[in-house]
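Engineer: Here you go, sequence then predicted model.
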Amino acid sequence: MELVRSVAFFGLMVLSLWTFLPVSGSNNALDCCLRTSQVPIPRKIVLHYEVQRIYDGCPIHAVVFITMRGKQLCAPPHAHWVRRLTERLDSVYQAKVRALGQHRGTS
């Protein structure tokens, strides 16, 4: 009888964990910026960026710059230096895409 209770208890625990995992797994709030910095980030340390939006479940709107070392630096999206840096990163990305397209066209 004790074995049946143990198996039933274990089954309930597994079922309850399985039920809660999708909810906690889909919550990206743990990866959100909670505040931004006004300190400009040097272009030479940035690989790319992502935009964090409130409607994605984060508490603030921010631009997240990913550095060469994999660090995430949060910046205010409307700051002049942030817009300038994202535009530069976008133009570098577009130039790479164009170069790749030309390279494929000549092969």
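Structural biologist: Noted; the coordinates are in hand. Since the structure is predicted, the reported quantities are computational estimates derived from the model, not experimental observations.
Engineer: what about the chain, any weak spots by pLDDT?
Structural biologist: 1, 3-30, 105-107 (pLDDT under 70).
Engineer: can you give me the strands for it?
Structural biologist: 46-52, 62-67, 72-75 (DSSP state E).
Engineer: Out of those strands, the one nearest Ala99 is which?
Structural biologist: When the strands of the chain are compared by CB to CB, strand 46-52 sits nearest Ala99, at 16.8 Å. C-beta here means a position set from N, CA and C on the backbone, and glycine is covered the same way.
Engineer: Spatially, what comes nearest to Thr67 if we skip its sequence neighbours?
Structural biologist: Ile45 (4.9 Å; CB to CB, 6 or more residues apart in numbering).
Engineer: number of nearby residues for that neighbour?
Structural biologist: By other CB atoms under 10 Å, 13 other residues sit near Ile45.
Engineer: and it, what is it in contact with?
Structural biologist: 67-69 (CB atoms under 8 Å, 6 or more residues apart in numbering).
Engineer: Please report which of those has the highest neighbour count.
Structural biologist: Neighbour max across the contacts of Ile45 (other CB under 10 Å) = Thr67, 15 neighbours.
Engineer: any idea how far it is from Ile54?
Structural biologist: As judged by CB to CB, to the nearest Å, Thr67 and Ile54 stand 24 Å apart.
Engineer: now swap in His78 and tell me
Structural biologist: 14 Å.
Engineer: Neighbours of Tyr49, how many?
Structural biologist: 19.
Engineer: correct me, but it touches Arg83?
Structural biologist: No - counting by CB atoms under 8 Å, Arg83 is not a contact partner of Tyr49; they are 11.2 Å apart.
Engineer: one step back: can you list the contacts of Ile45 in CSV and add distance to Ala99?
Structural biologist: CSV is the format used below for the contacts of Ile45 (distance: CB to CB, whole Å):
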residue, distance to Ala99
Thr67, 24
Met68, 21
Arg69, 26
